[in-house]
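Visitor: Sequence and predicted structure below; questions after.
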Amino acid sequence: MSLRKLNGTKKIGLIAGNGKFPLLFAREASLHGLDVVAIAIKKDTSLLIGPLVKKVYWLTLKDYARMFEIFEKEEIKKVIMAGQVNPRNLFYKDMGDEMLQRLLSAIKDKRPDTVFSAVADMLAQHDIELVDSTLLLERFLPEKGTLTKTKPDEKTWADIRLGFDMAKRVAGLDIGQTLVVKNGSIVAVEAIEGTDAAIRRGGQVANGGVVVIKVSKPNQDMRFDIPVIGPRTIRNLRRVKARCLAIEAHKTLVIDREVCIRLADRWRIAVVAI
């Protein structure tokens, strides 16, 4: 999504979760002359967000209704969502304020697409558009090809082909985006615990030598829950002695790409976009 599609908007809201994704967007938005008003989640969002945005409001999930008040006060009409909020929050009985609890009780299940679609609908009711989360970040979405000097061998490619097909099926059920494969066997499937935990679990089960595949959903809504990797992903691959990471081209956001590739080549981990 290009800047032109913002229709002249010079101010944008950012719902910032954890990780580097919100920081990356904030930097790119600033470079493009946008004023970013961030909603940061206490104990989740990096403190580094502050210097990167025009204004930041630190809230908890009990301040959900206040988020809409802030966007109205700041005259925000377009919002991007970047980074995760700890999924374990879904299991707290007193999670969120009355508005958020009503939203969660009204939806059919608590899978990511269901929750985030409901949030997007509520934003729309307040005349706020949730936009593509890769806005301004197209150059961080790799094209097809091997990104590292380290190349997969035929055995690895066989696991990639198997894993990619199965990962797309699992992602289509909105269960998780990541699969861990070894020698034609699926050894771990990501669920609510997240990619890093799935990688660790798969590595423990298979005793190293795994191939990790991360994909988007078959009909991925690019406004939320897109696949993201970064240096932390590569470090986790090293810990489990993985031999390859395969990501979906044009759909996976790669943060600190040069660092990722340098680390992967140092540890002889192939990284491919397919």
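Guide: It's in.
Visitor: so where is the stretch 51-200 of the chain shaky, pLDDT-wise?
Guide: 87-95 (pLDDT under 70).
Visitor: quick one: the strands in it?
Guide: Taking DSSP state E, counting those that start in this stretch, the strands of the stretch 51-200 of the chain run over residues 55-59, 78-82, 129-130, 145-146, 178-182, 185-189.
Visitor: Please identify the deepest-packed of those strands.
Guide: strand 178-182 (a mean of 27; mean count of other C-beta atoms under 10 Å). For glycine as for every other residue, the C-beta is placed from the backbone atoms N, C-alpha and C.
Visitor: Partner strands of that strand and their direction?
Guide: Paired strands of strand 178-182, with direction, are strand 185-189 (antiparallel), strand 211-214 (antiparallel) (DSSP bridges).
Visitor: contact partners of it?
Guide: If you take C-beta atoms under 8 Å, 6 or more residues apart in numbering as the criterion, strand 178-182 is touched by 159-160, 162-163, 166-167, 170, 186-190, 195, 198-199, 201-203, 205-206, 209-214.
Visitor: I'd like to know which of those residues are buried.
Guide: With neighbours counted by 16 or more other C-beta atoms under 10 Å, those contain buried members at 159-160, 162-163, 166-167, 170, 186-190, 195, 198-199, 201-203, 206, 209-214.
Visitor: Looking at the strands of the stretch 51-200 of the chain, spot the one closest to residue 229.
Guide: strand 178-182 (9.7 Å; C-beta to C-beta).
Visitor: before we move on, back to that, the strands paired with strand 178-182: which one's closest to residue 80?
Guide: strand 211-214 (21.2 Å).
Visitor: rounded to a whole number, what's the mean pLDDT of the very next helix or strand once past the closest one?
Guide: Following strand 211-214 in sequence order, the next helix or strand is strand 228-229 (DSSP states H and E). Across strand 228-229, pLDDT averages out at 98.
Visitor: rewinding a little: could the strands paired with strand 178-182 go into a markdown table alongside distance to residue 74?
Guide: Shown next, in a markdown table, are the strands paired with strand 178-182 (distance: least, C-beta to C-beta, whole Å):
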| stretch | distance to residue 74 |
| --- | --- |
| strand 185-189 | 41 |
| strand 211-214 | 35 |
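Visitor: so which of those gets nearest residue 48?
Guide: Relative to residue 48, the nearest member of the strands paired with strand 178-182 by C-beta to C-beta is strand 211-214, separated by 24.5 Å.
Visitor: For residue 75, which of the strands paired with strand 178-182 is the nearest?
Guide: Once these are compared by C-beta to C-beta, strand 211-214 is nearest, at 37.3 Å.
Visitor: picking that back up, in JSON lines: the strands of the stretch 51-200 of the chain, plus distance to residue 96.
Guide: Formatted as JSON lines, the strands of the stretch 51-200 of the chain follow (distance: least, C-beta to C-beta, whole Å):
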{"stretch": "strand 55-59", "distance to residue 96": "11"}
{"stretch": "strand 78-82", "distance to residue 96": "16"}
{"stretch": "strand 129-130", "distance to residue 96": "18"}
{"stretch": "strand 145-146", "distance to residue 96": "43"}
{"stretch": "strand 178-182", "distance to residue 96": "27"}
{"stretch": "strand 185-189", "distance to residue 96": "28"}
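Visitor: How are the helices of this protein distributed by residue range?
Guide: 21-31, 64-73, 98-106, 112-125, 154-172, 195-206, 231-239, 257-266 (DSSP state H).
Visitor: what angle do the fourth one and helix 98-106 make?
Guide: Here helix 112-125 runs at 130 degrees with respect to helix 98-106, directions being taken by axes from the mean of the first three to the mean of the last three C-alpha atoms, to 10 degrees.
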